[in-house]
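Enquirer: Here is my input, please return the structure:
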Amino acid sequence: MFMGALVDAGVPTSVLERTVTALDVGARLEISRVVRSGISATKVDVWVDGEKDLPREEYWERQEQHSHARGRSEDEHDGHEHLHHAPSQISRAEAPKQHPHSHGRGLTEIREIISRSPISDTAKKTAIAIFEALGRAEAKIHNTPLESVHFHEVGTVDAMVDIVCAAVGAEALGVDEIICSPLNVGGGTVKCAHGTFPVPAPATVELLADAPVYSSGLQAELVTPTGAAIVKTLARRFAAFPEMKIEQSGYGAGTRDFPGHPNVVRLTVGEAASHATAGNTASDTITVLEANLDDLNPQVFGYVMDRLFEEGALDAFGMPVQMKKNRPGMLLTVLCKPEHASKLTQLIFTETTTLGVRRRDEMRQTLARRWENVGTPWGDVRIKIASMNGTVTNYAPEYEDCRRIAAEHRVPLKTVMQEAARAYLGNLKS
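Expert: A predicted model of the protein is given here:
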């Protein structure tokens, strides 16, 4: 569905077709126009060895039907007489069901196939990251090492095409970030290699940890593990429809057509409304966590701050406050990415004495930033440089680099920082 949305939103079909050819896995694309509950959309099917990919619930239903048919056939014949078909006469969906780990590709083989394909390094990195996300989910669910996971359901050729084309197509869009709305995961049950499970499937639940999800009540699987891995890897954040100037949109169709529910993925491309007025600053959503502390050992407060940064906090700070009954206390404030909020909230509850944590999402504007190395008499120091409209507005030596050098060479910290700033300014003049 994502491939169809990419094409509908303007990614040339030739980009995806070249990608499939470059993979050299015996696949091809079929692109058509369909209607899903009144919405016209682009549908992209993957064909492998003359057979079209199927939704996995349909795949396992056909597996089960074939297995039952084989059982009846064997009951009607003795043990030495069996009806055999040439491989070309049996589709992938009708192939005999085998043990799920007796075939499929391992992560090492998948990495090798993607790495040797003639696509950009960025797309390779993204595609491999998607497969690794799937692998980690499968490994956790089945309690097995990551490198031992065989992708019996997601490592097939058609899924490899989906994932690599998603990475290449997303790069071809040329956007700064991808934002995803809350995901409708569906309901009911779905057949998997290990049996029948409630929707969302276990791997989907694992992959969408910290992502906003809901169910509209439709009894079908609307987000598969492969789709969950793609969106979790490509999307920088999950949020409601952002304020933007729409430039293009596209709809990608799924195989099934649900009455009253368009089975499509919509992709909307545009420019952030704040871009023109914010001087090339970036806008994103962060989560703010707050807790009032009036009975916490000050030694523990410092430890909590260190732990928050270790677990992904963007910033954390404390402010003295006067609390009820005139007790002095501290207001702990943590800034983090929305996907890290639940984890950091749990840490605050575990490591402090608070009984409640306030949480809210806020928009922030950030300057473009980059790092540059400068040389000092004692070693290299990184300089963080912020700019607006191409003009440098701020620069500062990285504290940790300066602290390490000062400690190793017994040099005053302020001297190291001054020398690093002098070296940066000297580079500008030269």
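
Enquirer: quick one: contacts for the closest residue in space to Ala9 that isn't next to it in sequence?
Expert: Distances taken as CB to CB, 6 or more residues apart in numbering place Gly250 nearest to Ala9, at 3.1 Å, with adjacent residues excluded. Where C-beta positions appear, they are placed from N, C-alpha and C, glycine not excepted. Residues in contact with Gly250 (CB atoms under 8 Å, 6 or more residues apart in numbering) are 4-10, 42, 266-267.

Enquirer: For the lengthiest strand in the chain, name the packing helices and strands.
Expert: Counting by DSSP state E, the longest strand found in the chain is strand 282-293. Counting contacts by 3 or more CB pairs under 8 Å, 6 or more residues apart in numbering; DSSP states H and E, strand 282-293 packs against strand 328-336, helix 341-351, strand 358-366.

Enquirer: that older thread, got a PyMOL select line for the buried ones in the contacts of Gly250?
Expert: The buried residues among these can be selected in PyMOL (16 or more other CB atoms under 10 Å) with this line:
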select buried, resi 4+5+6+7+8+9+42+266+267
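
Enquirer: From the contacts of Gly250, which land in helices?
Expert: Within those, residues falling in helices by DSSP state H are 4-8.

Enquirer: quick one: which of the residues you listed is nearest Val321?
Expert: Ala5 (48.7 Å; CB to CB).

Enquirer: Check the contact between that closest one and Gly254; I expect there is one.
Expert: No. Counting by CB atoms under 8 Å, Ala5 does not reach Gly254; the two are 10.7 Å apart.

Enquirer: shared neighbours, these two?
Expert: Common neighbours of Ala5 and Gly254 (CB under 8 Å, 6+ apart) are 264-265.

Enquirer: Do you have the helices of the chain handy? List them.
Expert: Under DSSP H, the chain gives helices at 2-8, 13-23, 56-76, 107-115, 121-142, 157-173, 202-207, 225-234, 298-310, 341-351, 399-409, 413-429.

Enquirer: For the fifth one, list every residue counted as buried.
Expert: By neighbour count on 16+ other CB under 10 Å, the buried set for helix 121-142 is 123-124, 126-139, 141.

Enquirer: measure Gly329 to Asp306 for me?
Expert: 20 Å (CB to CB, to the nearest Å).

Enquirer: on that earlier part again, kindly reformat the helices and strands packed on strand 282-293 as JSON lines and extend each row with distance to Gly106, mean pLDDT and mean neighbour count.
Expert: Listed next are these as JSON lines, based on distance: least, CB to CB, whole Å; pLDDT from 0 to 100; neighbours: other CB atoms under 10 Å:
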{"stretch": "strand 328-336", "distance to Gly106": "35", "mean pLDDT": "95", "mean neighbour count": "18"}
{"stretch": "helix 341-351", "distance to Gly106": "30", "mean pLDDT": "95", "mean neighbour count": "17"}
{"stretch": "strand 358-366", "distance to Gly106": "40", "mean pLDDT": "89", "mean neighbour count": "12"}
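
Enquirer: where does the chain dip in pLDDT?
Expert: Residue ranges of the chain with pLDDT under 70: 54-104, 150-155, 193, 273-282, 430.

Enquirer: repeat that for 50
Expert: 73-103, 153-155, 275-278 (pLDDT under 50).

Enquirer: who's in contact with the spatially closest residue to Asp315 that is not a sequence neighbour?
Expert: Spatial nearest neighbour of Asp315, excluding adjacent residues (CB to CB, 6+ apart): Leu335 at 4.3 Å. Contacts here follow CB under 8 Å, 6+ apart; on that basis Leu335 touches 286-289, 313-316.

Enquirer: now those as JSON lines including distance to Thr226 and neighbour count?
Expert: Shown next, in JSON lines, are the contacts of Leu335 (distance: CB to CB, whole Å; neighbours: other CB atoms under 10 Å):
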{"residue": "Ile286", "distance to Thr226": "29", "neighbour count": "20"}
{"residue": "Thr287", "distance to Thr226": "28", "neighbour count": "20"}
{"residue": "Val288", "distance to Thr226": "34", "neighbour count": "16"}
{"residue": "Leu289", "distance to Thr226": "33", "neighbour count": "22"}
{"residue": "Ala313", "distance to Thr226": "31", "neighbour count": "19"}
{"residue": "Leu314", "distance to Thr226": "30", "neighbour count": "14"}
{"residue": "Asp315", "distance to Thr226": "35", "neighbour count": "12"}
{"residue": "Ala316", "distance to Thr226": "36", "neighbour count": "19"}
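
Enquirer: could the residues you listed be laid out in JSON lines, adding distance to Leu425?
Expert: JSON lines is the format used below for those (distance: CB to CB, whole Å):
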{"residue": "Ile286", "distance to Leu425": "32"}
{"residue": "Thr287", "distance to Leu425": "37"}
{"residue": "Val288", "distance to Leu425": "36"}
{"residue": "Leu289", "distance to Leu425": "38"}
{"residue": "Ala313", "distance to Leu425": "32"}
{"residue": "Leu314", "distance to Leu425": "28"}
{"residue": "Asp315", "distance to Leu425": "27"}
{"residue": "Ala316", "distance to Leu425": "31"}
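
Enquirer: if we take the residues you listed, which one ends up nearest to Asp210?
Expert: Relative to Asp210, the closest of the contacts of Leu335 is Thr287; by CB to CB it sits at 10.4 Å.

Enquirer: Tell me how far Val157 lies from Thr13.
Expert: Taken as CB to CB, the span from Val157 to Thr13 is 19 Å.

Enquirer: Hmm, I typed the wrong one, I wanted Asp176.
Expert: 24 Å.

Enquirer: More neighbours: which of those two?
Expert: Thr13 (14 against 10; other CB atoms under 10 Å).

Enquirer: I figured Met363 hits Thr287, correct?
Expert: No. Using CB under 8 Å, Met363 makes no contact with Thr287, being 11.4 Å away.
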